[in-house]
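Trainee: here is the input, now give the coordinates:
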Amino acid sequence: MIRQLFSVFLLFSVFPLSAISQSPEEGIKSLDWLVGKWSVSTEEQDSDGSFFKESGFNQCEYASKDRMIRCEISLITEETGGRYIGKWKSREIIIYFSYEKEKDQFVQRLIFPSRTNTHEFKAKSDSLYEGKWLNKGQALGGDMDMVFQFKVIDKDNYIEIEHLESRGSDFTEHYVMTSRRIK
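Mentor: Numbering: from 1, shown residues only. Take a look at the predicted model:
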């Protein structure tokens, strides 16, 4: 019995639990519920009074031999105000989600026609993901601190992504994307 316990202790000393943890493919599988087709509505409200509202669709599927999730979002602008008037009538966005085992975090790469933003976030629970980063030069020509929350209200039907960007107390952007599963 003592020999067996010693063998188990030796095994975990040589192979720590982190080495037995999830592979990148298993880590991304925890976002499996994201795969499918979603109807999407977005809304941004800025502290200077500028705003926009959009609606459209998001199609997510596995990519790169199931190591990533690729989402294609197509949005039509419904209403704008302030600095967003006349900016765009529609937008196409591609998002790749991946998992970094070493840091135990997810990475979201948003690919716009004019730029790519990379954001890291962690699972706080199976229904809440959070991240913070510096969004360089995107809003009104300056850097902004960004806080990101990805809330899973109902994995089968409803998710919400919320971004709050601020450059101190003088300017903020608040963005919410709501998604409802179609299939």
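Trainee: so residue 68 sits against residue 28, correct?
Mentor: Yes: under the criterion of CB atoms under 8 Å, residue 68 makes contact with residue 28 at 6.5 Å. Using the backbone N, CA and C atoms, a C-beta is placed for each residue, glycine as well.
Trainee: any idea which helix or strand carries the residue most central in space within the chain?
Mentor: Among the residues of the chain, the one closest to the centroid is residue 108, at 5.1 Å (CA atoms, centre = their mean). Mapping residue 108 onto the secondary structure by DSSP states H and E places it in strand 105-111.
Trainee: tell me where this protein has helices.
Mentor: Ranges of helices in the chain, per DSSP state H, are 2-14, 17-20, 24-29.
Trainee: ok, residues contacting the strand holding residue 108?
Mentor: Residues external to strand 105-111 that are found in contact with it (CB atoms under 8 Å, 6 or more residues apart in numbering): 27-28, 31, 93-100, 116-123, 129, 131.
Trainee: what bits of the chain have low per-residue confidence?
Mentor: Applying pLDDT under 70 to the chain picks out residues 1-26, 134-143, 155-157, 165-169.
Trainee: just to revisit the earlier point, state the distance from the residue nearest to the centre of the chain to residue 51.
Mentor: With the distance defined as CB to CB, to the nearest Å, residue 108 ends up 23 Å from residue 51.
Trainee: first vs last residue of stretch 43-58, how far apart are they?
Mentor: Distance between the boundary residues of stretch 43-58 (CA to CA, to the nearest Å) amounts to 15 Å.
Trainee: and it, how far out from the chain middle?
Mentor: Computed by CA atoms, centre = their mean, to the nearest Å, the chain-centroid distance of stretch 43-58 equals 17 Å.
Trainee: list the buried residues for it?
Mentor: Residues 43-46, 50-54, 56, 58 are the ones in stretch 43-58 that count as buried (16 or more other CB atoms under 10 Å).
Trainee: returning to that earlier point: report the set of residues contacting both of residue 68 and residue 28.
Mentor: By the contact definition CB under 8 Å, 6+ apart, residue 68 and residue 28 are jointly contacted by 97-98.
Trainee: might one say that residue 124 is in contact with residue 148?
Mentor: No: here residue 124 lies out of contact with residue 148, judged by CB under 8 Å, at a distance of 11.5 Å.
Trainee: which of those two has more neighbours?
Mentor: When neighbours are counted by other CB atoms under 10 Å, residue 148 comes out ahead of the other of residue 124 and residue 148, with 20 against 11.
Trainee: mind listing what that one touches?
Mentor: Going by CB under 8 Å, 6+ apart, the list of residues near residue 148 reads 119, 121, 129-133, 161-163.
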